[in-house]
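[1] I need the structure of the sequence given here:
(chains A, B, C and D)
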Amino acid sequence: MEYTLKEMMTIVAARQIQDLDIVFCGTGISMLAAMAAKKINAPESVIFFETGAIDSRLEEIPMAVADSRVMFHTSSNGGLLDAFATMQNKITGDHVIGILGAAQIDKFGNLNSTVIGDYDHPKTRFSGSGGGCDVASFVPKSLIFMQQERRKFVKKLDYLTSPGYLDGPDGRTNAGLSRGGPMMVITNMGTMGFDDTTKEMYLSGYYPGITPEQILEKMEFSVDVSRAGEVAPPTAEELRILREECDPQGLIL
Amino acid sequence: MEYTLKEMMTIVAARQIQDLDIVFCGTGISMLAAMAAKKINAPESVIFFETGAIDSRLEEIPMAVADSRVMFHTSSNGGLLDAFATMQNKITGDHVIGILGAAQIDKFGNLNSTVIGDYDHPKTRFSGSGGGCDVASFVPKSLIFMQQERRKFVKKLDYLTSPGYLDGPDGRTNAGLSRGGPMMVITNMGTMGFDDTTKEMYLSGYYPGITPEQILEKMEFSVDVSRAGEVAPPTAEELRILREECDPQGLIL
Amino acid sequence: MNVGQNKVMELKEAIATFVKPGSHLSIGGFTINRNPMAAVYEIIRQKIKNLHLYVHSNGQGMDELIGAGCISKLEIAYGGNGKFASTCIRFKKAVQAGTIEVEDYTNYQMTLRFLAGSMGIPFLPTRSSLGTDIINRWGFSKEMRKGSPKIPDEKLIEFENPFTGWCDTQKVVLVPAINPDVTIIHVQKADRSGNCRIEGLTFADVEQAKAAKHLVVTCETLCDNDELKKESNQNQIPFIHVDAVVHVPNGAFPTACYMHYDYDPQYLHMYADHAKDDDMYQAYLDRYVYTPQTHGALVELMGADAMARLAADPRTGYAANLDRS
Amino acid sequence: MNVGQNKVMELKEAIATFVKPGSHLSIGGFTINRNPMAAVYEIIRQKIKNLHLYVHSNGQGMDELIGAGCISKLEIAYGGNGKFASTCIRFKKAVQAGTIEVEDYTNYQMTLRFLAGSMGIPFLPTRSSLGTDIINRWGFSKEMRKGSPKIPDEKLIEFENPFTGWCDTQKVVLVPAINPDVTIIHVQKADRSGNCRIEGLTFADVEQAKAAKHLVVTCETLCDNDELKKESNQNQIPFIHVDAVVHVPNGAFPTACYMHYDYDPQYLHMYADHAKDDDMYQAYLDRYVYTPQTHGALVELMGADAMARLAADPRTGYAANLDRS
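    Numbering: from 1, shown residues only, chains lettered A, B, ... in the order given. Model (predicted):
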């Protein structure tokens, strides 16, 4: 069955979400992945947004995390203080899985979503952290969506907006962050994990028709590919639910 | 016209409240004084409670600051966080007048509402600070209700629960508190102010039929009486409003 | 916390599951309003002892737990019951007799401590209590604190403002977070998954709830899950924080529950009378707590007329013209 | 803040009275929802410049104020407009051209900064951003900070937890309080004294409101004072914090206002197109901001049909099936 890379990425992310996970969602594909998981494989997962909405009934796709569509039929409509406390407080925070994106990533999963070039005189300015750094600081695991491009998988970030494993295995602990850190990077070509010991990125999967070598060409740093296998494509049922139930208007896909 | 000392105390306190004052109220006579002020001399004052109720419509007298009667027809029903932030934040806090009471007071207006005797093995345990210490720490002026007794006006408190001027003119500033401090002590025999320079208590008023000497006999420390004058008794109209409109059931009076 | 959907339990089971000997417990409400009294009485009936209790201004619930000998340590701002007992009587007796250890804070400090716990941070700053014995005198010794991993090493820490002079502040007091093993609150409405709606003042219940490792909610009305989500702006606690939902009508009696019933002046006066004497207090416990066995039975013992007198007037939320003398 | 009772004003007067050249301003809302757009357009029309703006995740309002040249300094967590502009375009251009100075924080940090301001304390702690450039890199120089009494001397301070290890925390970041000269928010309902009711998510509006020295509220519906007090549980901001109440129907347009109207996808796309080019942006300003002179006139310019398409469905609170492509 035909599918787009965006659909593949969405389904790969959705499969990582489990029942009783509390899913932190951003805009776009990350929201779609959380919606797909809830309809496909994790009906008892809970979607929540940094704006304060929890367990929204998403009858239509929100175009932003502040979209009025996230306010409908929620468990409660709080505010930013409630949402971030839910993550910083380990009692609830330990159950949260974050979904993030960025302009740059390094081998330890640190993210830049602020500037390209010199911070004081940036060549390109992006939106900035938003809640990204907060989520990355607080939650025990996160998924990261990235486009597979050399200028995005870089040896050194121009600005470290959101913490991955910082400078390695003890990076987070030394900095004073809770344990945890990114669990998977999902690109338009494959997936990366982080080694349990070194916390360095490795290639864990490549999509059908893509080779590990092609992925390495699209990264400024090289990663271990010995553990990589082909990722199963979306099933017909996964695609049907994604297209018909999650994004029937095709706003994201 | 006949009146009780409790009525006198209530009216004396009510007269200190002005339009646009935000009045922090405790239980009992302090609540009644705030209600009387609103009905007599300061219709645009605002009553609020540490429980989070603000501008309640008090159709009946509450028996505690958590009485459901304070929740009716309020501007908002928040919680303790809201109430104390309203005082700690100087933007609003500078407009608050507190009404407090205690088991002991010293010449600098510091209050004890915790224990008599040794803290670790108290002879008498009282309720403790509640919001009293918070109010005394935050607000620019407060009224203090006391019974005129030697064991209550003491040279040294058994426990300093709520700050007055601490050890004198620079006490509050040195401790890190905002300026302000108690403005008047109202007893069943007279009223005391605090000297602008020394911050020591002085007798500012005595009730009709009471002499300064009688008041001094009921204090462990002596205070300046040279500035004291007779306090005007409640007027017939003040008494009528107090009795008929504020406490018709006689729950406090 | 529990992310699952159906958390409805019987009170007996919820208390036995989440409140253990030695548990660090907090209870919601304020003096004579919305105390989780059904749960308090059930703890007493199950004879769970050696509890470490955290409250801000608590009255009836705290005093009954102390009176029944369930509490060994208490962190508190205010132990009073309004006009019914300016200082709670069993609390006063226990402190004077030295049978419980007490640490004193202010109301705002206790609330900030719950807030810090709910936010997942170790402390919050305030200017309250600078220069007072709240800072200088400790009820829990340094040794006792060092010996317990569930209690911070310091009661409070005075601290220079590192943002020099910012916000016109030279010094602050840092208050340590509380994360109780279990918090119990009573609310007007909850659904089966645990979404909660409190009517009237929330006091510090929301912070106490979110700070707790486990949360037991008793409710006047048990709603279908869809019902509360229809006006979710009015829900203060989302279900993920909740472990058990227990349907207990009149669950705050003899304290008040806004829009449902008032406090019971007769009961509170009767309680205060009995609390003054140890033998009479034992008789009180036997008659009103142990014998009824359930909260429903206590309510039945009071009689329908007595309960009807307390019913809230729908306009004001309390029992207008109730005889409160 | 103003403890008085009648605060109703015209928008022109409220902006002229409370927003001055150089004012430290914060605006409520989040990206494409409940921005106080009528007030934003009035600030642009009054050509008030050199503003120091504080926002968390703001989109449309922030971008238009920057586009019109009103802002010289900006403290912000996120400058994006959801699917309509992943980075706000005039914001991006201004930062890249160096025409505004920017200090970056996280969303939680900005919210905590408003919360600290509302609580009257100089800072609050969080673990967010430890180890990142949010701490290491400053947009405002030390000299600039020391030179301005309205800005704290430090961006952030990293700090060892003085309650050693408490709450499983070794270090925290202290974020400094913000007390804006003026905050402007748009709410669904306000009464003449200033009591406010927000429907749907509050974002950080309540904290922004209570942190401000002056608060201007624009509202969809102006209510009699008694009406909002009847269900005061739903009021988030009591009147004492408010200085001006301005009745502006559609006051958040082209952003959304839950239960009233949706964001306008056509307007936001049109805006994004114009924002890419300086000349086109000038044409946008002329046609949609300067020429209409009032928010009502802008709404008239859009036409009744266009506005009707945005009307919220009363069940869901947004415009179901709105063409958003």
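[2] per-residue pLDDT, residue A:250?
    pLDDT, residue A:250: 89.
[3] list the contacts of it.
    Residue A:250 makes contacts with residue D:325, as judged by CB atoms under 8 Å, 6 or more residues apart in numbering or on different chains. All C-beta atoms are positioned from the backbone trio N, CA, C, and that covers glycine.
[4] just give the nearest non-adjacent residue to the residue of chain C found nearest chain B, would you?
    Using CB to the nearest CB, residue C:82 is the residue of chain C that sits closest to chain B, at 2.6 Å. Take residue C:82 and drop its neighbours on the chain: the residue closest to it by CB to CB, 6 or more residues apart in numbering or on different chains is residue B:64, 2.6 Å away.
[5] ok, the one you found touching residue C:29?
    No - with contact defined as CB atoms under 8 Å, residue B:64 does not count as touching residue C:29 (11.2 Å).
[6] coming back round to it: residues near the residue of chain C closest to chain B, how many?
    For residue C:82, the count of nearby residues is 24 (other CB atoms under 10 Å in any protein chain shown).
[7] quick one: the residue nearest to residue C:82 from residue C:75, how far?
    Distance, residue B:64 to residue C:75, by CB to CB, to the nearest Å: 21 Å.
[8] more crowded one of these two?
    Higher neighbour count among residue B:64 and residue C:75: residue B:64, with 28 against 24, using other CB under 10 Å.
[9] residue contacts, that one?
    B:27, C:30, C:31, C:32, C:33, C:59, C:81, C:82, C:83, C:84.
[10] cool, and residue C:148?
    Counted by CB under 8 Å, 6+ apart, residue C:148 has zero contacts.
[11] do I have it right that residue A:31 meets residue A:25?
    Yes - contact status for residue A:31 versus residue A:25: in contact at 4.7 Å, counting by CB under 8 Å.
[12] ok so, going back, my guess is the residue of chain C closest to chain B contacts residue B:31. True?
    No - contact criterion CB under 8 Å: residue C:82 and residue B:31 do not qualify, at 10.3 Å.
[13] show me whatever sits in contact with both of those two.
    Common neighbours of residue C:82 and residue B:31, counting by CB under 8 Å, 6+ apart, are B:62, B:65.
[14] circling back to that earlier point, now do the phi/psi pair for the residue of chain C closest to chain B.
    Main-chain dihedrals, residue C:82, degrees, to the nearest 10: phi 60, psi -140.
[15] for chain D, what's the nearest residue on chain A?
    For chain A, CB to the nearest CB, closest residue to chain D: residue A:64, 2.6 Å.
[16] show the pLDDT at that residue.
    In this model, residue A:64 carries a pLDDT of 94.
[17] cool, and residue A:253?
    Residue A:253 is assigned 86 on the pLDDT scale.
[18] what pLDDT does the model give residue C:118?
    Confidence score, pLDDT, at residue C:118: 98.
[19] look up which helix or strand the residue nearest to residue C:82 falls in, please.
    Taking DSSP states H and E as the definition, residue B:64 sits outside all helices and strands.
[20] what separation do you get for it and residue B:49?
    From residue B:64 to residue B:49 the distance is 10 Å (CB to CB).
[21] same check on residue A:57?
    For residue A:57 relative to residue B:49 (CB to CB), the value is 37 Å.
[22] now swap in residue C:90 and tell me
    Taking CB to CB, one finds residue C:90 at 26 Å from residue B:49.
[23] where along the chain do the strands fall?
    Just so you know, I chose chain A. Here chain A has its strands, by DSSP state E, at A:22-25, A:46-49, A:53-54, A:76-77, A:96-101, A:104-105, A:111-112, A:115-117, A:122-125, A:141-145, A:182-186, A:190-194, A:201-206, A:229-230.
[24] ah, no, chain C please
    C:24-27, C:51-54, C:57-58, C:71-76, C:78-79, C:101-104, C:123-126, C:157-160, C:171-176, C:182-191, C:196-197, C:214-223, C:244-247.
[25] just to revisit the earlier point, just put the strands of chain A in JSON lines and tack on mean neighbour count and mean pLDDT.
    Shown next, in JSON lines, are the strands of chain A (neighbours: other CB atoms under 10 Å in any protein chain shown; pLDDT from 0 to 100):
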{"stretch": "strand A:22-25", "mean neighbour count": "26", "mean pLDDT": "96"}
{"stretch": "strand A:46-49", "mean neighbour count": "26", "mean pLDDT": "96"}
{"stretch": "strand A:53-54", "mean neighbour count": "29", "mean pLDDT": "97"}
{"stretch": "strand A:76-77", "mean neighbour count": "25", "mean pLDDT": "96"}
{"stretch": "strand A:96-101", "mean neighbour count": "25", "mean pLDDT": "97"}
{"stretch": "strand A:104-105", "mean neighbour count": "26", "mean pLDDT": "98"}
{"stretch": "strand A:111-112", "mean neighbour count": "26", "mean pLDDT": "98"}
{"stretch": "strand A:115-117", "mean neighbour count": "19", "mean pLDDT": "98"}
{"stretch": "strand A:122-125", "mean neighbour count": "16", "mean pLDDT": "98"}
{"stretch": "strand A:141-145", "mean neighbour count": "23", "mean pLDDT": "97"}
{"stretch": "strand A:182-186", "mean neighbour count": "23", "mean pLDDT": "98"}
{"stretch": "strand A:190-194", "mean neighbour count": "24", "mean pLDDT": "98"}
{"stretch": "strand A:201-206", "mean neighbour count": "21", "mean pLDDT": "98"}
{"stretch": "strand A:229-230", "mean neighbour count": "12", "mean pLDDT": "98"}
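[26] between those, which gets nearest to residue C:226?
    Closest approach to residue C:226 among those (CB to CB): strand A:76-77, 14.4 Å.
[27] briefly note if that closest one comes near chain B.
    No - applying CB under 8 Å from any CB of the partner chain, one finds strand A:76-77 separated from chain B by no less than 15.2 Å.
[28] chain center to that strand: distance?
    24 Å (CA atoms, centre = their mean, to the nearest Å).
[29] how about residues contacting that strand?
    Here strand A:76-77 has contacts from A:52-54, A:71, A:82, C:195, C:232-233, C:235-238, D:200-202, using CB under 8 Å, 6+ apart.
[30] ok, that strand: who's next to it in the sheet?
    As defined by DSSP bridges, the strand partners of strand A:76-77 come to strand A:53-54 (antiparallel).
[31] contacts for the partner strand next, please.
    Contacts for strand A:53-54 (CB under 8 Å, 6+ apart): A:46-48, A:70-71, A:74-78, A:83, A:86, C:238, C:240, D:201.
[32] got any residues that touch both of residue A:31 and residue A:25?
    A:47, A:65.
[33] how about the residues of chain A near chain C?
    A:20-22, A:44, A:46, A:54-55, A:57, A:73-78, A:85-93, A:95, A:138.
[34] got a pLDDT number for residue C:255?
    At residue C:255, pLDDT is 98.
[35] for residue C:66, give me its contacts.
    With contact set as CB under 8 Å, 6+ apart, residue C:66 has these partners: C:74, C:88, C:90, C:91, C:94, C:100.
[36] now swap in residue A:24 and tell me
    Contacts of residue A:24 (CB under 8 Å, 6+ apart): A:48, A:49, A:50, A:87, A:96, A:97, A:98, A:99, A:131, A:135, A:139, A:142.
[37] so which residues of the chain form helices?
    Picked chain A for this. A:5-16, A:29-40, A:80-88, A:90-93, A:132-138, A:171-175, A:212-217, A:236-240 (DSSP state H).
[38] could you do chain C instead?
    In chain C, the helices defined using DSSP H lie at C:11-18, C:37-45, C:60-67, C:89-97, C:107-119, C:133-136, C:142-147, C:205-211, C:225-230, C:265-275, C:278-284, C:295-302, C:304-310.
[39] residue C:321: neighbour count?
    11.
[40] cool, and residue C:285?
    19.
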